[in-house]
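Asker: what's the 3D shape of this:
(chains A and B)
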Amino acid sequence: MKPFVATTEHPDRAISRLISLLERGQQEGVQRIKKLYPHCGRAHVIGITGPPGSGKSCLVSALIGAFRARGKSVGVLAVDPSSPFTGGAILGDRDRMGAFAADPEVFIRSFATRGSSGGLAAVVNDAVDVLDAFGKEVILVETVGVGQIELDIAQLAHTVLLVLVPGYGDSLQAMKAGIMEIGDVLVMNKADQPGADRAVNDLCFQHPLKFGATEYKCSRYNAQHWGVPVVKTCALKNTGLDDLVFLASEHYAFLQRQDLLSEKNRQRRKKQFLDILSHSIRNSFLTVLKTDPDLQRWTSKIETLDIDPYTAAEKVIQFIQFAREAAVNTKHS
Amino acid sequence: MSEQHIKVLVAKKKIDVHGRGSKLIAQELRDAGMEVVYFRFGTVDDIVNAVVQEDVDVLALSIFTSGHLAITQKLIPALKARGVDDLLLVMGGCIPEVDFDALRGLGAHEVFLPGLPGEVVADYIKQNVGKRSLAETGKLAAAAQ
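Answerer: Take a look at the predicted model:
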């Protein structure tokens, strides 16, 4: 097992080791990350999501370049799917970001989804905090936009870029609920392909909007009354990136102006706490269950339906409530 | 080391232009249940950086256009200089068999001939990951002196 070594001369290795410890769910990682929270909360977290093959990795690569040109340090967390059959995975995102392989201000880490029970959302959540604490100013989180884990990951971002390509479907497709709703900026990538203008028009249901001096097409207004702009890019030819970076920072400024940023961070922490808590309760219950014969007798009654599972769960909640009341009473007496 | 999540970096050195062989071995390792970071071309620094940031258990170097001795000579000290010593290093591709011992002497743990079934490499990795490391190269060199 690899030990965590906190050395100042290899910060990348310290970050990397810590993420590995958290990925393996080791207590050492938990103890280490506890000390990092006071240093968190400065980074702009940007989620990049969209269907497979829409050019997310190339776009992330182009974004790294654009942010580096503006003097920002960048962290990248890239998620690719695991095979449901063998558990193996090809993590191909890093390959597209080769140009920054030796830049010390850029940290890139790839993750495999490891199935829905793998707890990846929690790991990526922690990894964002680690990169934030180690001073990365922009954190790009890239996921394939299909399924619940990816949605969870996208939602820990301040700003979500939804990447689409010409030929994704017509305007009716764009009106469907779900993935289209999570984008704060819609990106029409591969805009040099035929049909790009038509595809952009199909996305736009509102009048164009002015950001700064420039007018952008607008898809819709979201729940926070932010007008979702649509921008054309061609990541391989590096066009449209200035607009995209500008709109992403505009969205961040909007969140700050409307006091939504702190609200977003609060929501994220609350959800993180509840996830950690339910995970720990479940784990400690399962540990006790392995050794406690009383509890085993009781659960075997559930297995044979002598007690139904709902009543059993209610009883456990009652026990916890009794214990809590007892604790409060002893404190007061 | 949890065996089901062995993380491997498949890398090629800069301008070593080939794709079929490296992609084939990447897929075979994936089918053996490993998480394979596929990284196209890199200088020694690029490869070391990728190893550090991804914190992989195994580095698999795919060689097509020779230069295997030169890159191994530079790569292993560069890895150690960044504090990486717990890595399993395997090489494969078009490497003449006469150089195998020289490569092992430089610190590569195993070198594979072309045309082997993919399981040979996967099985070697599964048996040796976490057991052999770059740290032993220094010891071997010291023992030889």
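Asker: what does the longest helix along chain B rub up against?
Answerer: Using DSSP state H, we find that the single longest helix of chain B is helix B:68-81. Helix B:68-81 is contacted from outside by B:13, B:44-45, B:47-48, B:51, B:61, B:63, B:85, B:87, B:89, B:91, B:93, B:95, B:99, B:102-103, B:106-108, B:134, B:137-138, using Cβ atoms under 8 Å, 6 or more residues apart in numbering or on different chains. Any C-beta I mention is one placed from the backbone N, CA and C, and that applies to glycine too.
Asker: Around residue 95, count how many other residues there are.
Answerer: No chain in the question, so chain A it is. With neighbours defined by other Cβ atoms under 10 Å in any protein chain shown, the count for A:Asp95 comes to 19.
Asker: that's the wrong chain, I wanted chain B
Answerer: The number of residues near B:Ile95, taken as other Cβ under 10 Å, comes to 22.
Asker: One more: B:Val84?
Answerer: Neighbour tally, B:Val84, other Cβ under 10 Å: 21.
Asker: contacting residues for it?
Answerer: A:Arg13, B:Val48, B:Val51, B:Val52, B:Leu134.
Asker: about what we covered before: drop anything exposed from the contacts of helix B:68-81.
Answerer: B:13, B:44, B:47-48, B:51, B:61, B:63, B:87, B:89, B:91, B:93, B:95, B:99, B:103, B:106-108, B:134, B:137 (16 or more other Cβ atoms under 10 Å in any protein chain shown).
Asker: Kindly identify which of the contacts of helix B:68-81 also come near chain A.
Answerer: With Cβ under 8 Å from any Cβ of the partner chain as the criterion, the contacts of helix B:68-81 include B:Asp45 near chain A.
Asker: Could you list which of the contacts of helix B:68-81 belong to strands?
Answerer: Judged by DSSP state E, the contacts of helix B:68-81 include B:Lys13, B:Leu61, B:Ile63, B:Leu89, B:Met91, B:Gly93 as members of strands.
Asker: So for the helix or strand that A:Leu277 is a member of, mean pLDDT?
Answerer: Assessed by DSSP states H and E, A:Leu277 sits inside helix A:260-291. For helix A:260-291, mean pLDDT is 88.
Asker: do stretch A:18-33 as well
Answerer: The model assigns stretch A:18-33 a mean pLDDT of 91.
Asker: how far is the longest helix of chain B from where the chain is centred?
Answerer: 11 Å (Cα atoms, centre = their mean, to the nearest Å).
Asker: ok, now which ones touch the spatially closest residue to A:Pro81 that is not a sequence neighbour?
Answerer: Closest residue to A:Pro81 apart from its sequence neighbours, by Cβ to Cβ, 6 or more residues apart in numbering or on different chains: A:Thr113 at 5.0 Å. Contacts for A:Thr113 (Cβ under 8 Å, 6+ apart) come out as A:Val79, A:Asp80, A:Pro81, A:Ser82, A:Ala89, A:Leu120, A:Ile149.
Asker: now do 6 Å
Answerer: A:Pro81, A:Ser82, A:Leu120 (Cβ atoms under 6 Å, 6 or more residues apart in numbering or on different chains).
Asker: can I get those residues in TSV with secondary structure?
Answerer: What follows is the contacts of A:Thr113, written out as TSV (DSSP: H, G, I helix; E, B strand; the rest coil):
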residue	secondary structure
A:Pro81	coil
A:Ser82	coil
A:Leu120	helix
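Asker: Quick check: of those, which lies closest to A:Gly65?
Answerer: The closest of the contacts of A:Thr113 to A:Gly65 turns out to be A:Pro81 (Cβ to Cβ; 26.1 Å).
Asker: The closest one: neighbour count?
Answerer: Counted with other Cβ under 10 Å, A:Pro81 comes out at 19.
Asker: how far away is it from A:Ser61?
Answerer: 20 Å (Cβ to Cβ, to the nearest Å).
Asker: who's in contact with stretch A:272-284?
Answerer: A:Ala122, A:Asn125.
Asker: what's the helix or strand for A:Val328?
Answerer: Using DSSP H and E, the element containing A:Val328 is helix A:309-332.
Asker: what does that helix contact?
Answerer: So helix A:309-332 is contacted by A:Ile302 (Cβ under 6 Å, 6+ apart).
Asker: the inter-axis angle of it versus helix A:260-291?
Answerer: In terms of direction (axes from the mean of the first three to the mean of the last three Cα atoms, to 10 degrees), helix A:309-332 departs from helix A:260-291 by 100 degrees.
Asker: what's the spacing between helix A:309-332 and its chain's center?
Answerer: So, by Cα atoms, centre = their mean, the centroid of helix A:309-332 is 35 Å from its chain's centroid.
Asker: again, but for stretch B:45-56
Answerer: 12 Å.
Asker: Give the rounded mean pLDDT of it.
Answerer: 93.
Asker: Which of the helices or strands spans A:Leu22?
Answerer: Per DSSP H and E: helix A:11-23 holds A:Leu22.
Asker: is the following helix or strand past that helix up against chain B anywhere?
Answerer: Using DSSP H and E, the helix or strand that follows helix A:11-23 in sequence is helix A:27-34. No - applying Cβ under 6 Å from any Cβ of the partner chain, one finds helix A:27-34 separated from chain B by no less than 12.0 Å.
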